[in-house]
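>>> sequence and predicted structure, then a few things I'm wondering about:
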Amino acid sequence: MSTRVDVPVDAQRAAMRPLVPPTWLGTLPFLLLLVAWWLLPRVVQYPSYMLPPISAVLDFAWESIRDGTLVRNVVASLARLATGFVIGMVLAIPLGLAIALNRFVADMFRPVLSFLQAIAGIAWVPLTIIWFGIGNGSVIFVIANTIFFASLYNTVIGVQSIPTSLYRAVRSHGGSGIALLTNLILPGALVQLLLGVRTSMAYGWRALVASEMIAGSSGLGYMTMEAVQWQRTDVIILGMIVIGLIWVVMDRTLFTVIERRTVGRWGLLQR
Amino acid sequence: MSGTLALPAPAQHRVFGRRAARALRGAAGVLLLLVGWQISVPLVGMSSYFYPAPSDVVASFTDLVRKGILPVYFADSMERYFAGLIAGALLGVVFGVLIGLHRTVAVTLSPLLKFLFAIVEVAWIPIFVVWFGYGWKTIFLALIYVVFFPVLYNTLLGVRTAPQILVNALRSLGASRWQVLCYAILPSALPGIITGLRVGAGFAFRGLVFAEMVAAKTGIGYLIFEGTQTQQTARTIVGMVVMGLTWLAIDLCYLRPLERATIERWGLTVDAEQRT
Amino acid sequence: MRLRLPLIATGVVVAVLIAWWGAAWLAAERKLAPLGTLGGDRGSYRVTLDFAPERFHQLRLQEAGRLVEVRDRTVFMMDVTPAALHGIAGEYWVDSVAKWDGK
């Protein structure tokens, strides 16, 4: 099929040729929003705390970057996320393996764990405030809680979806017991865990922001919610933008990279 | 399943005896948890403010029902949840279809939509509180927000991947654009829409509880929060239990059947739990 | 039909709601019967609960009228329309309703 974009001989044929929209179109909505935001206070009257002018947000952004508070908050949030993530995973994997490998244990704990997964995360915040007070302990517990149940579920599913032919393959090579565990089961569980990282992180990230808002003493969530008291909407908006940016960055770097390198490579992912 | 394996794979056949045995074991698990919890209370030795016993929780539950608090809180929560869920889903489908049908619009709006969804609904609560105050408006909007995006994306995907053959066939039979939409595009997008709905419903449920903790005066989320504030931690646990049971009920009664109904009909995806 | 379960669940919910409102209406009729016919204007009433009212109940009662005093298990209210009173009497945690002369 001809790819030359000539002046068409036949107008109808030209109309049928598919047009690929250029990608820079994607920036238009952002530009439009910014323009609208800039115009709004000059066109409509409203109390300034409702929507701060762009300059206010930019000023605050610059201030908080300069005196380090923004960076500190971001780092604090990410550190808690990482800690909670690691704790949750480390606790979940052995338990998940135990459950997946033993039918009796699996049947016994399935209803309990399904139930606990339904309340995982944010619902525990009030309890954690009582137990650990306001601060890191509460936030990390909630994140670990969320990731724990998500990872538990993924581990069990991962083990259960290992094809029986692979079991036979390992056994026919003389493997059993520990070899089976390390060569087959653990990787199988890990694959599903990696696949599920994006979803578990989605819940984990929300748990982080939410628990910081209620039970935190620093961090992005805390910064954003605290500003409500002082009606500092510039802080709120900056907080929201940073939260969004961090998720986009995490998504782009962590999750797609993980997916591409592991599952995409091993051909288990159906896009 | 193969007898040489030391590791059982999930059974697929539905022998009644097996199901009964599994249910019994499940019940035993629950019982074990409750008994263990009850026993641990004197061992832990803390007041019921820190560590309520199951007996405290049961007493609290009866108290809350007797005083008419729990039914109202539950009804308020469910009202908000389903209102937000349905509104968000409808908006998601409508916009998903509109955007999906026009490639240029899709390319233009995609980055913005991606970024907006990256700002999790939880992060919108503070600004919503400033704009709309505490109360149902804030919660409703937050729920619509969190349901909108997954449904939108999945609808978009479903619309874009509608089999061109079907569309062409319908068009060659003289179907109008509306008929093509209803008979070819929407049905093929349906499994995706339901998946999006399921994802959104999950986020929305937790979002609901959080929003109620922060911005409401009634509701299960508020109950969970209020219990610890008023030194009635047992009430918090009642709230958590109700939350868990409610989600299981919603999942079992609505989300899973809907998913099974659309997916099985078109055979397009495999439920992870059905993999052997 | 595979959508049986959602329809049944919705049906159950609707049935429960209807039964609830029906029972509330009947209970209100029963509790308000000794008061005889109420005029169209606002009145003062003594609302007695089965227990000491919590904040939840005070908020609910405030939707119907002005709370003047809470004594033990009884709440004294003013400016309550008959319709609002009917609503309160329908609540199952309200034990009885009596006219109040205002002191």
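Thanks, I have it.

>>> show me where the chain has strands.
This is for chain A. Assigned by DSSP state E, chain A shows no strands.

>>> oops, I was thinking of chain C
Using DSSP E, strands in chain C cover C:43-49, C:66-71, C:74-80, C:94-99.

>>> please apply the same query to the stretch 101-250 of chain B.
Counting by DSSP state E, counting those that start in this stretch, no segments of the stretch 101-250 of chain B form strands.

>>> residues from it in reach of chain C?
B:217-218, B:249 (CB under 8 Å from any CB of the partner chain). The C-beta positions use only the backbone N, C-alpha and C, and glycine is treated the same way.

>>> how far does the longest helix seen in chain C sit from the chain's center?
Looking across chain C with DSSP state H, the single longest helix is helix C:4-32. Centre-to-centre, helix C:4-32 and its host chain are 16 Å apart (CA atoms, centre = their mean, to the nearest Å).

>>> related to what we said a few turns ago, for B:Asp63, find the nearest of the strands of chain C.
strand C:43-49 (13.3 Å; CB to CB).

>>> can you list contacts of the closest one?
Residues outside strand C:43-49 that contact it (CB atoms under 8 Å, 6 or more residues apart in numbering or on different chains) are C:57, C:61, C:65, C:68, C:73-80, C:82, C:85, C:88, C:93-102.

>>> per-residue confidence averaged over it?
For strand C:43-49, the mean per-residue pLDDT is 87.

>>> how about low-confidence regions in the chain?
No chain specified, so I'll use chain A. Chain A contains residues with pLDDT under 70 at A:1-20, A:261-271.

>>> the chain in question should be chain B.
Scanning chain B for pLDDT under 70 picks out B:1-15, B:264-276.

>>> wait, B:Trp37 sits on B:Ser55?
No. The criterion here is CB atoms under 8 Å, and B:Trp37 misses it with B:Ser55 at 9.9 Å.

>>> what are the C-alpha coordinates of stretch A:25-39, in CSV please?
Taking Å, rounded to 0.1, in the frame of the first residue of the first chain, the C-alpha atoms of stretch A:25-39 are listed here in CSV:
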residue,chain,number,x,y,z
LEU,A,25,-1.9,16.7,20.8
GLY,A,26,-1.6,15.2,24.2
THR,A,27,-0.1,18.4,25.6
LEU,A,28,-3.1,20.5,24.5
PRO,A,29,-5.4,19.7,27.5
PHE,A,30,-2.7,20.6,29.9
LEU,A,31,-2.0,23.8,28.2
LEU,A,32,-5.7,24.6,28.1
LEU,A,33,-6.1,23.9,31.8
LEU,A,34,-3.2,26.1,32.6
VAL,A,35,-4.6,28.9,30.5
ALA,A,36,-8.0,28.5,32.1
TRP,A,37,-6.5,28.5,35.6
TRP,A,38,-4.6,31.7,34.7
LEU,A,39,-7.7,33.3,33.3
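
>>> can you list the buried residues in it?
Within stretch A:25-39, the residues scored as buried using 16 or more other CB atoms under 10 Å in any protein chain shown are A:25-26, A:29.

>>> likewise stretch C:88-101?
With burial defined by 16+ other CB under 10 Å, the residues of stretch C:88-101 counted as buried are C:88-91, C:93-94, C:97, C:100.

>>> now swap in stretch A:71-88 and tell me
A:73-74, A:76-77, A:80-81, A:84-85, A:87-88.

>>> what's the closest of the residues you listed to chain B?
Nearest to chain B among the buried residues of stretch A:71-88: A:Ser77, at 11.6 Å, using CB to the nearest CB.

>>> right, and that closest one touches A:Ser217 too?
No. Between A:Ser77 and A:Ser217 there is no contact under CB under 8 Å: 11.9 Å.
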